[in-house]
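>>> Give me a model of this one.
(chains A and B)
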Amino acid sequence: MSETHIQIDNVNAYYSGNHALKNISVQIPKKQITAIIGPSGCGKSTLLKCMNRLIDLTDEITYSGKILIDGENVFDKKTDIINIRKKMGLLAQKPTPLPMSIYENIAYGPRIHGLRKKPDLDNIVEKYLKLVGLWEEVKDRLNSPASNLSIGQQQRLCLARGLAVEPEIILCDEPTSALDPVSSQHIEQQLLKLKEDYTIVIVTHNIHQAMRLADYVVHLYLGELVEHGTANEVFENPKEERTRAYINGTFIPEYTIDTEVNLKGNECPYNFIYAKQALHKLGKGKILKVIVDYPTAVTEVPRGMEADGHNVLRVKQINESDWEILIRKN
Amino acid sequence: MEFRRIEEAVFKVLMIFSLLIVVGSLLAVIGIILWKGLPVLSIDMLTKTAEGGYYFGKGGGILNAIIGSLYLALGGTILAFFLSIGIAFYLQKEYSGGTRLSNLTRLCLDILWGTPSIVYGAFGFTVLMYFQMRASLIAGIIVLALLELPIMTRAMEEVIKTVPLELKEVSYSLGATRLETTLRVVSKQALPGLMTGVLIAFGRGIGDAASILFTAGYTDRIPTSLFDATASLPLAIFFQLGTPFPAVQQKAYASAVILLVIILAISITTRLLSRKYTKYIIK
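Numbers count the residues shown, from 1 in each chain, chains lettered A, B, ... in the order given. Predicted coordinates:
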């Protein structure tokens, strides 16, 4: 493995008492693409936001541990967070242009970091718009509002804006989830090109995207680090059953289901209690399939089962309202 | 099924009825003022100050009150603006942390908002007496600023709250400080709403009579310094209506027309001027 750029050490995070990240320790390699994968609500975005401490803007959040970037601890209150953030460009889920012209969107970053001269700013704007392949499309209307661009163009503008402050790292939070396939492809190509010069961390729940892009993979599940390693290791030969299940996604790994309980129409905590009773009747190593339709149960039942020491093998949406949860008794 | 349909119809009628009452009242107010005021409105009223005996039906106009009201309301609004914008920005989570202090601030502002303006007037009068000062433009401006402050601040804060968190995240992720984010991103996005807040407060300020009755005084001259007493339109209307002479009473309606026009003109110009800056807003 190549040189480490971001070292995450024992990071824990709690949202109003909810344990969102559990003892995460992982090293993110320099100038490679690291994909953080996992189902919705597993803590991917939380981990990403910890890296530039945007997490501070969230209500009732507490965190502990260490994240070292170039030897500086991001979580240390003495660290100059402005400088840390300047080192990290962010590409958000939804393209978010600032309420300014196209030109000003790019110039915003360099300007706040002290660049004032118009010719310098002009150069920067042109350079980064060219880098993301947007220059030809917008060069005649640099002063028109950024919100007039198409969604795909907006996302490329956001990428250019992030790059214009000359970061070393690019953090992407599901950057293509709001885009059409062509724009998504465009962004993916940009990222592959950019990894020559930047360390890229991308959060995605699109497993195929992770396969296309990633050199290194981190798999989170319910706030836990399930597995991490090079893309080859994780995708070709995952060590953990849960990773295998997640990667295989649609085609279902063959589990022999010993008991099936339908808990549709039940609310929490009854979902959990009935599931527990059903599990109680089973022998060790047997597999229980639970079907729920109560939204909270989708996260809470697996969480509770894991807390009891059982293995959650799969949480999967099977139709519009129903989810199946596979649990192996330990 | 039948009952639900009747229910629906009854409520629709009730809603339309309420709407008609509101629109009707507004039209009635404007209509009566224009109907009674326009015929008496003259160039003299707009261009001359009150001559001695104006309130007994002699010549002159209410230029002193027009200028006085503009001074008072603009001064009060500008003063209130600088205080309000600071408080409204501070109430953002990044600064106040959504703490007890900010909740207390909101509570205080809401109480101030509900305080009758005559109470502000009495308060201002007491302070003036304490310092042995006379009623003056500056005292009026300060009291109007106090009156406008809670309205403006609460309106601004509500607008600032609607600025999407993502916009702030973008700014912070580029390494901006809280101040840069507030001044360059939040205020740009919130601009139309901030302006509405200012205009509502201005309208309240220029139309208020009770708070400036004891603090700004009343005079027939145009004030030449901050320490002169000054006339104002609401009080001019009050005094003209209070005379026993029908001719003077009619002029009160003309003054009301002038007040209405000033408020409309300022609202419209502000909106036109700001159009240039609002086109960048992210919807």
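>>> Okay, buried residues for stretch B:244-251 please.
B:248, B:250-251 (16 or more other CB atoms under 10 Å in any protein chain shown). Backbone N, C-alpha and C define where each C-beta goes, glycine included.
>>> Among the residues you listed, which one sits closest to A:A245?
Within the buried residues of stretch B:244-251, the smallest distance to A:A245 is 85.6 Å, found for B:K251 (CB to CB).
>>> Report whether the one helix or strand that closest one maps to contacts chain A.
Using DSSP states H and E, B:K251 maps to helix B:246-278. No. If you take CB under 8 Å from any CB of the partner chain as the test, helix B:246-278 misses chain A, and the best it gets is 8.9 Å.
>>> Go through that helix and flag the buried ones.
B:248, B:250-260, B:262-263, B:266-267.
>>> so A:L163 makes contact with A:G89?
Yes. If you go by CB atoms under 8 Å, A:L163 and A:G89 touch, sitting 5.8 Å apart.
>>> Between those two, point out the one with more neighbours.
A:G89 (29 against 23; other CB atoms under 10 Å in any protein chain shown).
>>> Wait, a strand at the more buried one?
Yes. Under DSSP: H, G, I helix; E, B strand; the rest coil, A:G89 sits within a strand.
>>> Can you point out the buried residues in stretch B:12-28?
Per 16+ other CB under 10 Å, stretch B:12-28 contains no buried residues.
>>> Dump the C-alpha coordinates for it into PDB.
Extracted as PDB, the C-alpha positions of stretch B:12-28 are listed here (Å, rounded to 0.1, in the frame of the first residue of the first chain):
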ATOM      1  CA  LYS B  12     -64.500  27.000   1.000                       C
ATOM      2  CA  VAL B  13     -67.200  29.700   1.400                       C
ATOM      3  CA  LEU B  14     -65.800  30.700   4.800                       C
ATOM      4  CA  MET B  15     -62.300  31.100   3.500                       C
ATOM      5  CA  ILE B  16     -63.500  33.200   0.500                       C
ATOM      6  CA  PHE B  17     -65.500  35.300   3.000                       C
ATOM      7  CA  SER B  18     -62.500  35.900   5.200                       C
ATOM      8  CA  LEU B  19     -60.500  36.800   2.100                       C
ATOM      9  CA  LEU B  20     -63.100  39.300   1.000                       C
ATOM     10  CA  ILE B  21     -63.200  41.000   4.400                       C
ATOM     11  CA  VAL B  22     -59.400  41.500   4.200                       C
ATOM     12  CA  VAL B  23     -59.300  42.700   0.700                       C
ATOM     13  CA  GLY B  24     -62.400  44.800   1.200                       C
ATOM     14  CA  SER B  25     -61.000  46.500   4.200                       C
ATOM     15  CA  LEU B  26     -57.800  47.400   2.400                       C
ATOM     16  CA  LEU B  27     -59.700  48.800  -0.600                       C
ATOM     17  CA  ALA B  28     -62.000  50.700   1.700                       C
END
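>>> So which residues make contact with that stretch?
Stretch B:12-28 is contacted from outside by no residue at all, using CB atoms under 8 Å, 6 or more residues apart in numbering or on different chains.
>>> pLDDT on it, on average?
Stretch B:12-28 shows a mean pLDDT of 96 in the predicted model.
>>> Off-centre distance for that stretch?
Offset of stretch B:12-28 from its chain centre (CA atoms, centre = their mean, to the nearest Å): 25 Å.
>>> How far off centre is stretch B:35-53?
24 Å.
>>> Need the three-state assignment for residue 133.
You didn't pick a chain, so chain A it is. Three-state assignment for A:G133 (three-state DSSP): coil.
>>> My question was about chain B, not that one.
Recorded secondary structure, B:M133: coil (three-state DSSP).
>>> gap between it and B:V127?
Between B:M133 and B:V127 the distance is 8 Å, computed by CB to CB, to the nearest Å.
>>> Report the buried residues of stretch A:227-244.
In stretch A:227-244, counting by 16+ other CB under 10 Å, buried: A:227-229, A:231, A:234-235, A:238, A:241-244.
>>> Identify, from those residues, the entry nearest to chain B.
Nearest to chain B among the buried residues of stretch A:227-244: A:H228, at 24.4 Å, using CB to the nearest CB.
>>> Give the bridge partners for the closest one, please.
Beta bridges link A:H228 to A:V218 when assigned by DSSP bridges.
>>> My read is that it contacts A:V218, right?
Yes. Between A:H228 and A:V218 there is a contact under CB under 8 Å: 4.5 Å.
>>> which residues are in contact with both of those two?
Jointly contacting A:H228 and A:V218 under the rule CB under 8 Å, 6+ apart are A:V26.
>>> Shouldn't A:T176 be within a strand?
No. A:T176 is assigned coil when assessed by three-state DSSP, not a strand.
>>> Show the backbone phi and psi for the residue lying closest to it once chain neighbours are set aside.
Leaving aside its sequence neighbours, A:T176 sits nearest to A:S184 (CB to CB, 6 or more residues apart in numbering or on different chains; 3.8 Å). Backbone torsions of A:S184, given as degrees, to the nearest 10, read phi -60, psi -50.
>>> by contact count, what packs against the helix holding B:K251?
Here helix B:246-278 touches helix B:2-37, helix B:43-47, helix B:63-90, helix B:187-207, helix B:233-242, going by 3 or more CB pairs under 8 Å, 6 or more residues apart in numbering or on different chains; DSSP states H and E.
>>> can you redo those helices as TSV with distance to A:P119?
Listed next are those as TSV, based on distance: least, CB to CB, whole Å:
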stretch	distance to A:P119
helix B:2-37	55
helix B:43-47	52
helix B:63-90	33
helix B:187-207	25
helix B:233-242	53
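>>> so who does the nearest residue to B:L241 once chain neighbours are set aside touch?
Among residues not flanking B:L241 along the chain, B:A252 sits closest, at 4.3 Å (CB to CB, 6+ apart). Residues in contact with B:A252 (CB under 8 Å, 6+ apart) are B:236-238, B:240-241.
>>> a markdown table for the buried residues of stretch B:244-251, including distance to A:K329 and pLDDT?
Listed next are the buried residues of stretch B:244-251 as a markdown table, based on distance: CB to CB, whole Å; pLDDT from 0 to 100:
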| residue | distance to A:K329 | pLDDT |
| --- | --- | --- |
| B:V248 | 95 | 88 |
| B:Q250 | 92 | 89 |
| B:K251 | 92 | 89 |
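>>> Noted, bye for now.
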